[in-house]
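Undergrad: Pasted the sequence and its predicted model underneath.
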Amino acid sequence: MVGNKPKPTALKRLEGNPGGRKLNDLEPIPEGDLCEVPDWFNEDQAKVWRYAIANMPAGVLKRIDYSILTIWVTAECMHREALLKVGASSMVVKTKDNNAIQNPYLSIANRQAQIMLKAASELGFSPSARPKLQIEPGSYGNSKYIDPLDEFVDDAD
């Protein structure tokens, strides 16, 4: 297929259909919200999974998105681990023969970053996608959004 990937109708609706094109009313609608942490995840992965679910607008992630979110979560955890190992040593390391080479963990971190960005694009996690989303006023993710500046604004205006 040539051109840009088609955007799911649900995302077009969340964005307010900015192109104004006819929406596909026959597109299959996945069922069941995604929430359960995979039982094979370790503690760090489970924490990242719960973070993603809690910070995504309610109803966007469905059970069918399980694999993509799993890819994003595992890549995020491996990316963090590799960066911690790079930070503990250096971006350049010496071989047995005293030759300078790029730290192998840097390659791992860079590859995991690519995987994260690709999965984030599929899931609508990118910062450039956020301004396009429209959610109900007063709600954010799976909980009510409270603007931290509200305490400084006088509602009597």
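TA: Cool, got the structure.
Undergrad: quick one, strands of this protein?
TA: Taking DSSP state E as the criterion, the chain contains strands spanning 92-94, 100-102, 139-140, 143-144.
Undergrad: Tell me the pLDDT of the closest residue in space to Asp44 that isn't next to it in sequence.
TA: Counting by CB to CB, 6 or more residues apart in numbering, Asp44 lies nearest to Cys77, which is 5.3 Å off, once chain neighbours are set aside. In short, each C-beta sits where N, CA and C put it, glycine included. Note on Cys77: pLDDT of 97.
Undergrad: My understanding was that Cys77 contacts Val48; is that so?
TA: Yes. Here Cys77 reaches Val48: they are 6.1 Å apart, a contact under CB atoms under 8 Å.
Undergrad: Scan this protein for its longest helix.
TA: If you go by DSSP state H, the chain has its longest helix at helix 66-88.
Undergrad: If you count neighbours, what's buried in that one?
TA: By 16 or more other CB atoms under 10 Å, the buried positions in helix 66-88 come out as 68-79, 82-83, 86.
Undergrad: Equivalent analysis for stretch 12-29, please.
TA: Neighbour counts over stretch 12-29 (16+ other CB under 10 Å) mark 12, 14-15 as buried.
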